[in-house]
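Visitor: No sequence on hand, only this structure:
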């Protein structure tokens, strides 16, 4: 793997593991498996899926922090994620207060990491 | 038998009817199927033709009705059985479990932050996420969280986060027996499912959206904080088309009726877009513009004259997506010139018609109501008593057929008056 890509992935992981959703879920993963309606396999699958989702969001956030503001096509080029999936992630992260619309860049809206 | 009135539906019509009955010192049960009252009006960005903020004028009424000493609010509830008691009715209401104790929940929303499960947010037409435990929208009444039991995985993270100790997975659905003297049906409408019209590609082409989706995108509290981004790639649309009469005035769907609000909401949304983006090229394709209400015609003229919105008389035949850009090619006949036009747009908005909500048929059966052939409730004397459905049951708002907010409110007040009169007639007051 190229060094830059590896660094980008590590930054994504750092962002993902500092997200509230992941910290709560992992911190209580045993609780989830014990009290929930899910079997241990289902709980594992759920946690894996959420982690995958949050890693993608972490990647977006780290790109925005390093290189932002960025448009959806620019983010798609940098992360390899489909544009519509990026739109969904960005809207979810706007709701969490992690991302904000920065303004327009040419014909497209650009996003930036929200100031905490 | 108590001299009480049952109001079905907590949209603007139901809220107004409940308030008017309650103000006459009669007890009201206001039953709403979803977790909050407010209905469609709560989802609208602005109202036509005055451009009032919809929620700003609705919220005080939502709060008033919930706090009125004569109103008992039953949200997340449905009527499941009804018997005539002469006079009046015996009604069974199913109050679905929220799995959140209404008396303990403070509406702080901390639980929603800790829930790991994301689901499409109905209030934002699925354009943004909510969690499996959620508060429907910030101004919800009651402002109490609710658990989407289907999606919830019972992990209990919300329980650990809730400082009020309000989460209760042991809560059960409740059946309530009510005795009422009269019933007002204000069950409203739903937006027509436009994915059935394959020529417009809704559901296949991400940049073809419905009017309610546009309302949410234009709303400052909506998924994009009021910025109009097209769904496929976040482009700021420069060329936008509105297609009128989608899903109504269409004999193929057995909906030849006019939905009465689409011309005006399309013109209103076109104006809102032009106000924010004067450089945008906005065209409305229509069969005919029905601007029948007070100030409506002037509003349409302003749209054309002041804002430069193009109005093209012509039925749109089809939309086709340019898959490389997500743009849409629109084919229509411009009736005034007799020419076929082929235009490219960044975003296309379908002015979807109004149809009866889910469960209308079952409710008609339960209450013994007649319908108008399209599923809207009807009565024996539509000309001189349009709110009468049958003995002791009254209809108002979109439950009786598509109409705008002022007409719904006027009918609601009429139905409230008729219901209270009825209580007197049968000796309950």
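Guide: Nice, thanks for sending it over. Quantities reported herein were computed from a predicted structural model and do not represent experimental measurements.
Visitor: now the strands for the stretch 1-150 of chain B?
Guide: With DSSP state E, counting those that start in this stretch as the criterion, the stretch 1-150 of chain B has strands at B:4-8, B:27-31, B:71-74, B:77-84, B:89-95, B:118-120, B:129-131, B:133-134, B:146-147.
Visitor: repeat for chain A
Guide: Assigned by DSSP state E, chain A shows strands spanning A:70-71, A:99-105, A:108-113.
Visitor: What residue in chain A comes nearest to chain B?
Guide: residue A:72 (3.7 Å; CB to the nearest CB). Bear in mind the C-beta positions are built from the backbone N, C-alpha and C, glycine included.
Visitor: Tell me how far the least confident helix or strand in chain A by mean pLDDT lies from the chain's centre.
Guide: The weakest-scoring helix or strand in chain A, judged by mean pLDDT, DSSP states H and E, is helix A:29-35 (a mean of 74). The chain centre lies 24 Å from the centre of helix A:29-35; the measure is CA atoms, centre = their mean, to the nearest Å.
Visitor: what does chain A put close to chain B?
Guide: Contacts of chain A with chain B, taken as CB under 8 Å from any CB of the partner chain, map to A:20-21, A:24-25, A:28, A:31-32, A:35-38, A:43, A:46, A:50, A:71-73, A:76, A:83-84, A:86-88, A:90-92, A:94-95, A:100-101, A:104, A:107-109, A:111.
Visitor: are any of these buried, and which?
Guide: A:21, A:24-25, A:28, A:31-32, A:35-36, A:38, A:43, A:46, A:50, A:71-73, A:76, A:83-84, A:86-88, A:90-92, A:94-95, A:100-101, A:108-109, A:111 (16 or more other CB atoms under 10 Å in any protein chain shown).
Visitor: Please name the nearest non-neighbouring residue to residue B:417.
Guide: residue B:20 (7.0 Å; CB to CB, 6 or more residues apart in numbering or on different chains).
Visitor: any idea how far residue B:140 is from residue B:375?
Guide: 28 Å (CB to CB, to the nearest Å).
Visitor: Of the two, which one has the most company?
Guide: residue B:140 (22 against 17; other CB atoms under 10 Å in any protein chain shown).
Visitor: in the stretch 201-350 of chain B, which spans are helices?
Guide: B:211-218, B:262-276, B:296-305 (DSSP state H, counting those that start in this stretch).
Visitor: Just the buried positions in the second one, please.
Guide: Within helix B:262-276, the residues that qualify as buried are B:262-274, counting by 16+ other CB under 10 Å.
Visitor: and chain A, which of the residues you listed reach it?
Guide: Near chain A, by the rule CB under 8 Å from any CB, you find none of those.
Visitor: Would you mind giving these as CSV with distance to residue B:50 and pLDDT added?
Guide: Formatted as CSV, the buried residues of helix B:262-276 follow (distance: CB to CB, whole Å; pLDDT from 0 to 100):
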residue, distance to residue B:50, pLDDT
B:262, 18, 97
B:263, 16, 97
B:264, 11, 97
B:265, 13, 97
B:266, 16, 98
B:267, 13, 98
B:268, 10, 98
B:269, 14, 98
B:270, 16, 98
B:271, 12, 98
B:272, 13, 97
B:273, 18, 97
B:274, 17, 97
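Visitor: before we move on, back to that, what's the spacing between the residue of chain A closest to chain B and residue A:84?
Guide: 9 Å.
Visitor: Any chance you could list residues touching both of those two?
Guide: By the contact definition CB atoms under 8 Å, 6 or more residues apart in numbering or on different chains, residue A:72 and residue A:84 are jointly contacted by residue B:233.
Visitor: who are the neighbours in contact with residue B:245?
Guide: Applying CB under 8 Å, 6+ apart, the residues near residue B:245 are B:258, B:262, B:286, B:287, B:315, B:351, B:353.
Visitor: Looking at the residues you listed, spot the one nearest chain A.
Guide: Using CB to the nearest CB, the contacts of residue B:245 come closest to chain A at residue B:351, 23.5 Å.
Visitor: pLDDT score for that closest one?
Guide: Looking at residue B:351, its pLDDT is 98.
Visitor: Wait, a strand at it?
Guide: Yes: when DSSP: H, G, I helix; E, B strand; the rest coil is applied, residue B:351 is found to be in a strand.
Visitor: What is the neighbour count of residue A:79?
Guide: Neighbours of residue A:79 (other CB under 10 Å): 19.
Visitor: sorry, back to before: which of the contacts of residue B:245 count as buried?
Guide: B:258, B:262, B:286, B:351, B:353.
Visitor: okay, the residues you listed in TSV with distance to residue B:158 next?
Guide: Listed next are the buried ones among the contacts of residue B:245 as TSV, based on distance: CB to CB, whole Å:
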residue	distance to residue B:158
B:258	46
B:262	40
B:286	48
B:351	39
B:353	39
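Visitor: farthest pair in these?
Guide: Farthest pair in the buried ones among the contacts of residue B:245 (CB to CB) is B:286 and B:353. Separation: 13.3 Å.
Visitor: What parts of chain B come near chain A?
Guide: B:113-114, B:116, B:118, B:127-129, B:153-157, B:160-161, B:206, B:223-225, B:227, B:229, B:231-236, B:238.
Visitor: shaky segments in chain B?
Guide: Residue ranges of chain B with pLDDT under 70: B:1.
Visitor: care to break it down by domain?
Guide: B:4-96+B:173-189+B:356-425, B:193-353 (automatic domain parsing).
Visitor: so how far is residue A:29 from the residue nearest to residue B:174 when sequence neighbours are not counted?
Guide: Of all residues not flanking residue B:174 in the chain, residue B:95 sits nearest, at 4.4 Å (CB to CB, 6+ apart). Plainly put, residue B:95 is 35 Å away from residue A:29 if you go by CB to CB.
Visitor: outside of stretch A:103-116, which residues touch it?
Guide: A:61, A:64-65, A:68-75, A:90, A:97-102, B:227, B:229, B:233-236, B:238.
Visitor: Buried subset of those as a ChimeraX selection?
Guide: The ChimeraX command for the buried members of the contacts of stretch A:103-116 (criterion: 16+ other CB under 10 Å) is given here:
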select /A:61,64,68,69,70,71,72,73,74,75,90,98,99,100,101,102 /B:227,229,233,234,235,236
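Visitor: pLDDT at residue A:2, what is it?
Guide: 86.
Visitor: Compute the number of surrounding residues for it.
Guide: If we define neighbours as other CB under 10 Å, then residue A:2 has 7 of them.
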